[in-house]
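Trainee: The sequence isn't on hand, but the structure is:
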Ligand code: FEO
Ligand code: CA
Ligand code: CA
């Protein structure tokens, strides 16, 4: 979610006026060196003893078999989901759809009530996974936030006004767990399945790991510091091999406010963006714990990765504090070859860090798993200019902080060890067939202009090579010796997004970006079983000026061996494309459409006519019913 981004576009414009880029800029030199140091599409060979990068791989212009299986589509500003010839996309479930046969029908004239929302699919779906549980296909999906102006369109303020408006919004957050069935070739929610569940900001949770029970997480209602209520603003997700879902609390700060306007905001709250005003959700109006002047520790109980067991609708979700507290994007879990659980984690804020968790114990099929995400080490990444990098352990010795403090104030721990400030780390995706990991760095208008919220400088260079970065890039790294627990890695840039139709300087993008496939702001990234990297965008959809010709947000496919990128899907007006999963038979790809119609942009997806725009999931299939990914 990029609320603050879009509110401050003038900052970039201001910068552009005052710091014009040179006509003939250093971009080609700087970027091509970052890209091609190891060969743009290079394979880096690393021995276990030494750490030597191989000679450059042949460049990506080499002939390669077409691994995509579709024809690229053009950019589009249509209010629909567009896919290539030979494919179809059908809405499967949308905001407000009932999960039980006794769910009250949504009254769209008022965008529903709290009672209706409590038993219906939530708003603004984001990351999702498909599980097979006792032979049943089960969807678990995040509901990141609400389109306040859509959900409250009947109110003059376009914001929640009554307590029921506020509660409706609150209950539109959280998760839907729902059984799916394919009936006459069409996927649908199975109403009344015993596995169906809504998880909301009111669902009991348990805090586990180093932060559990610490004074910083104790509140008047919970003197144990372990019994939490609710989870909210989940961006993306992850999955464990033991059948659980990982969900990531991102912009948790925007829900807190202060009834005391003169409250002094502490440095740790400032680092996490917790302040005296909320972002329009007004939750403190109905639940006092969101008032930081009365309950200053409540905000320390959010910002974690949460583990959910979808097989048991009565299970208590666990907030795994060992994975750190920040604006979590996703949780890419890899079982290293020696059994250690490695989780790669991005902190989506300008100038914040990229993290790695390594379990102390090892995973074995059927073995105990409950400690694997509680007992381990947390690291932050440092990228060096020479194409190598290092994971810096956030240890008590290195940070001068206790284990609990490192878990609760991970950003400060990262600052203390000198981790690299990044251009908003979004999803991380690990290649399914080799030790190679990718992270989308979506954009960063402050790069080279302003420090992060902790005062760490954000110099131009390394994997963040452009000042005032408007378009974003994808960095990848190769762990030394193919070992995800190794502290050293080599890195290069897979793509720099840009607009070569408008710019010839550092904003044109890397050489695998052209007028036909260009995009901005990569966010969701995920590999399919064939090793194709899917890229979803949450960027500027104005289709004007710097973004002319890029159209609505979209999903592209990338061949990471050849570098080729092709546009596969374009979403409706003012949406973001986010969330990707596959049916067990791999014949259906589920793709999320989030916030169509935001900020007053007139989308009526999926209903058309004058209907209310509704986030949802589309099922994408081949017309011939073939395997899709
Ligand atoms: Fe919720 Fe970082 O996107
Ligand atoms: Ca986003
Ligand atoms: Ca995202």
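Mentor: Alright, I've got the coordinates. Note that this is a predicted model, so its numbers are computed, not measured. Ligands and ions are numbered 1, 2, ... in the order given.

Trainee: show me where the stretch 101-250 of the chain has helices.
Mentor: 114-118, 148-151, 163-171 (DSSP state H, counting those that start in this stretch).

Trainee: do the chain as well
Mentor: 3-7, 9-18, 27-36, 114-118, 148-151, 163-171, 267-271, 396-399, 403-408, 410-417 (DSSP state H).

Trainee: And the helices of the stretch 101-250 of the chain: which comes nearest residue 537?
Mentor: helix 148-151 (20.6 Å; CB to CB). Any C-beta I mention is one placed from the backbone N, CA and C, and that applies to glycine too.

Trainee: Tell me the gap between that closest one and the middle of its chain.
Mentor: Its chain's C-alpha centre and that of helix 148-151 lie 22 Å apart, by CA atoms, centre = their mean, to the nearest Å.

Trainee: Point out the residues in the chain that sit beside ligand 3.
Mentor: 235, 523 (CB under 5 Å from the ion).

Trainee: low-scoring stretches of the chain, by residue?
Mentor: Applying pLDDT under 70 to the chain flags residues 1-65.

Trainee: Report the closest residue of the stretch 401-550 of the chain relative to ligand 3.
Mentor: residue 523 (4.3 Å; CB to the ion).

Trainee: For residue 345, see how far away the residue lying closest to that residue once chain neighbours are set aside is.
Mentor: Ranked by CB to CB, 6 or more residues apart in numbering and with sequence neighbours excluded, the top spatial neighbour of residue 523 is residue 538, at 4.0 Å. Separation of residue 538 from residue 345 (CB to CB, to the nearest Å): 18 Å.

Trainee: Kindly report the same for residue 625.
Mentor: 37 Å.

Trainee: More neighbours: those two, which one.
Mentor: residue 345 (29 against 11; other CB atoms under 10 Å).

Trainee: mind listing what the more buried one touches?
Mentor: When contacts are counted by CB atoms under 8 Å, 6 or more residues apart in numbering, residue 345 touches 248, 305, 323-324, 326, 328-332, 354-357, 428.

Trainee: Quick one: neighbours of residue 163, just the number.
Mentor: Neighbour tally, residue 163, other CB under 10 Å: 12.

Trainee: so it touches residue 286, yeah?
Mentor: Yes - at 5.1 Å, residue 163 counts as touching residue 286 under the criterion of CB atoms under 8 Å.

Trainee: Am I right that residue 67 is in contact with residue 533?
Mentor: No - with contact defined as CB under 8 Å, residue 67 and residue 533 do not form a contacting pair (10.9 Å).

Trainee: what do those two both touch?
Mentor: Common neighbours of residue 67 and residue 533 (CB under 8 Å, 6+ apart) are residue 559.

Trainee: Pick out whichever of those two has more residues nearby.
Mentor: Just comparing residue 67 and residue 533: by other CB under 10 Å the higher neighbour count belongs to residue 533, 22 against 14.

Trainee: quick one: contacts for the nearest residue to that one once chain neighbours are set aside?
Mentor: Using CB to CB, 6+ apart and skipping the chain neighbours, the partner closest in space to residue 533 is residue 558 (4.3 Å). Counting by CB under 8 Å, 6+ apart, residue 558 makes contact with 494-495, 532-535, 564-566.

Trainee: Show me what residue 558 bridges to in the sheet.
Mentor: residue 533, residue 565 (DSSP bridges).

Trainee: Quick check: the gap between it and residue 522.
Mentor: From residue 558 to residue 522 the distance is 10 Å (CB to CB).

Trainee: Find residues that contact each of those two.
Mentor: 495, 535.

Trainee: ok so, going back, for ligand 1, which of the helices of the stretch 101-250 of the chain is the nearest?
Mentor: Evaluated over these, closeness to ligand 1 peaks at helix 148-151, with 15.8 Å, by CB to the nearest ligand atom.

Trainee: now what about that closest one, what contacts it?
Mentor: 111-112, 123, 158-160, 165, 168-169, 172, 280-281, 595, 597-600, 612-613.

Trainee: What parts of this structure come near ligand 2?
Mentor: 523, 538.

Trainee: Distance of residue 540 relative to residue 516?
Mentor: For residue 540, the distance to residue 516 - CB to CB - is 19 Å.

Trainee: Residue 547 too?
Mentor: 15 Å.

Trainee: With neighbour numbers in mind, choose between these two.
Mentor: residue 547 (21 against 15).

Trainee: Who are the contact partners of the more buried one?
Mentor: Applying CB under 8 Å, 6+ apart to residue 547 gives the contacts 499, 520, 539-541.

Trainee: cool, and residue 440?
Mentor: By CB under 8 Å, 6+ apart, the residues touching residue 440 are 425-427, 472, 474, 522-525, 535.

Trainee: if I look at it, how far off is residue 197?
Mentor: On the measure of CB to CB, residue 440 and residue 197 end up 30 Å apart.
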